[in-house]
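In: Sequence and predicted structure are below.
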Amino acid sequence: MFLTKVTQKGQVTIPAKVRNQTNINPNDTVLVYYDESGNVIIKRVKTFFDLQGVFNKYAKKRKVSPKKMRKSFIKYLITRKV
C-alpha cells in the first residue's frame with residue numbers, strides 16, 4: 001500500500017513500484033473509473049485510437065458511429081477481467 005497526494009491540478013503520481021509491477025510506462029494510457037463500492041480503479045489499456053482501422057469494415061457494414069463504438073469500447077474495458 002502506498003500514499004500519494006493529489007496536486008492542485010488534480011494530478012496523482014502513481015508510485016514507481018506500482019508502475020513497475022503493473023507495467024505502466026510513460027505515455028501509456030490508463031483507464032480510471034470507480035466500482036460499485038466507490039473504489040477507484042486504474043487499468044493500463046490500449047486506446048480506441050490504437051485500434052484505428054480494425055473496426056472500419058464492421059462500422060461501415062453496420063453504420064455505427066465512431067462515437068458509439070468508442071463508448072462501447074470503454075464499457076468493454078471497464079468490464080473486462082484482467
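Out: Everything's here; your move.
In: residues near F2, how many?
Out: 9 (other Cβ atoms under 10 Å). Bear in mind the C-beta positions are built from the backbone N, C-alpha and C, glycine included.
In: swap in K43?
Out: K43, neighbours per other Cβ under 10 Å, totals 15.
In: what bridges to it?
Out: Counting by DSSP bridges, K43 forms beta bridges with L31.
In: Run a quick check on it versus L31, I expect a contact.
Out: Yes. Contact criterion Cβ atoms under 8 Å: K43 and L31 qualify, at 4.7 Å.
In: Give me the common contacts of these two.
Out: L77 (Cβ atoms under 8 Å, 6 or more residues apart in numbering).
In: All the helices of this structure, in order from the start?
Out: With DSSP state H as the criterion, the chain has helices at 16-22, 56-62, 66-79.
In: These into CSV, with extra columns for distance to T4 and mean neighbour count?
Out: CSV is the format used below for the helices of the chain (distance: least, Cβ to Cβ, whole Å; neighbours: other Cβ atoms under 10 Å):
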stretch, distance to T4, mean neighbour count
helix 16-22, 9, 12
helix 56-62, 39, 10
helix 66-79, 23, 12
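In: looking at those helices, which one has the lowest mean pLDDT?
Out: Mean pLDDT is lowest for helix 56-62 out of those, coming in at a mean of 65.
In: Provide a list of residues in contact with the most centrally placed residue in the chain.
Out: Taking Cα atoms, centre = their mean, the centroid of the chain lies closest to L31, which sits 2.3 Å from it. L31 makes contact with 41-43, 45, 74, 77-78, according to Cβ under 8 Å, 6+ apart.
In: what's the pLDDT at it?
Out: For L31, pLDDT reads 86.
In: likewise F49?
Out: With respect to pLDDT, F49 scores 64.
In: Including distance to F2, could the helices of the chain go into CSV?
Out: Compiled in CSV, the helices of the chain are given as follows (distance: least, Cβ to Cβ, whole Å):
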stretch, distance to F2
helix 16-22, 6
helix 56-62, 41
helix 66-79, 23
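In: wait, which of these is closest to K5?
Out: Distance to K5, taken as Cβ to Cβ, is lowest for helix 16-22 among the helices of the chain, at 14.8 Å.
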